[in-house]
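Visitor: Could you look at this predicted model? Sequence included:
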Amino acid sequence: SFHQPRMVLSDTDTLSTLPPRELRAGYAEVAKYGLIDRPDFWTWLEAHGVGLIGGDAAARAHAIAESCRAKADIVSRDETENGPRALLNLGHTFGHALETLCGYGDELRHGEAAKRPPIIDTCHALRADGPVVREKWPEFAVPPPPKAAER
């Protein structure tokens, strides 16, 4: 059986002990919630991300609370991982492959690996040969096949 936690405890003061690289790696997990389910949170992160990484305690508390709410909302809709809960894996499939290639060492942190693939995941979701990708990310676009007359 599945049981939801009664409480999530977060010691935000601990974040002040981390080096900037670790904070940036963790930020990828926070940003994920804005990307997958909370556009207002994404907008807030764009405005407050520098402060969040820089040590703004109120910004950190808000980001952590919003991330916990976002995750709880998704998990409560899919406790058995048969649907929307897969959204929580954004970036992780390719990210784990990158981690493996780098040997799980100092070269690439988990959050650093997970933040790179969402653009790859997005291209796959939108189809790398689709108009959105060709317009927004031409470097990832697959050229359209030649027409019969051009062959």
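Guide: Okay, I see it.
Visitor: which stretches of the protein have low pLDDT?
Guide: Low-confidence segments of the chain, defined by pLDDT under 70: 1-2, 117-151.
Visitor: top helix in it by residue count?
Guide: Longest helix of the chain, by residue count under DSSP state H: helix 57-77.
Visitor: List of residues touching that one?
Guide: Contact partners of helix 57-77, identified using Cβ atoms under 8 Å, 6 or more residues apart in numbering, comprise 4, 8, 10, 12, 15, 29-30, 33, 36-38, 41, 44-45, 48, 51-52, 83-85, 87-88. All C-beta atoms are positioned from the backbone trio N, CA, C, and that covers glycine.
Visitor: If we use 6 Å, what do you get?
Guide: Among residues not part of helix 57-77, those counted as contacts by Cβ atoms under 6 Å, 6 or more residues apart in numbering are 8, 10, 12, 15, 30, 33, 37-38, 41, 48, 51-52, 84-85.
Visitor: now swap in stretch 98-116 and tell me
Guide: 25-26, 28, 91-92, 95.
Visitor: Please narrow those residues to those residing in helices.
Guide: Judged by DSSP H, the contacts of stretch 98-116 include 25-26, 28, 92, 95 as members of helices.
Visitor: Please point out which parts of the longest helix of the chain sit buried.
Guide: 59-60, 62-64, 66-67, 70-71, 74-75 (16 or more other Cβ atoms under 10 Å).
Visitor: which non-adjacent residue is nearest residue 31?
Guide: Residue nearest to residue 31 in three dimensions, not counting chain neighbours: residue 45, with 5.8 Å by Cβ to Cβ, 6 or more residues apart in numbering.
Visitor: burial of that neighbour, as a residue count?
Guide: 21 (other Cβ atoms under 10 Å).
Visitor: and it, helix, strand or coil?
Guide: Reduced to three states with DSSP: H, G, I helix; E, B strand; the rest coil, the structure at residue 45 is helix.
Visitor: Which of the residues in stretch 105-115 are classified as buried?
Guide: For stretch 105-115, by 16+ other Cβ under 10 Å, it's 108-115.
Visitor: Buried subset of the contacts of helix 57-77, written for PyMOL?
Guide: One line in PyMOL is enough to select the buried members of the contacts of helix 57-77, burial here meaning 16+ other Cβ under 10 Å:
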select buried, resi 15+30+33+37+38+41+48+52+85
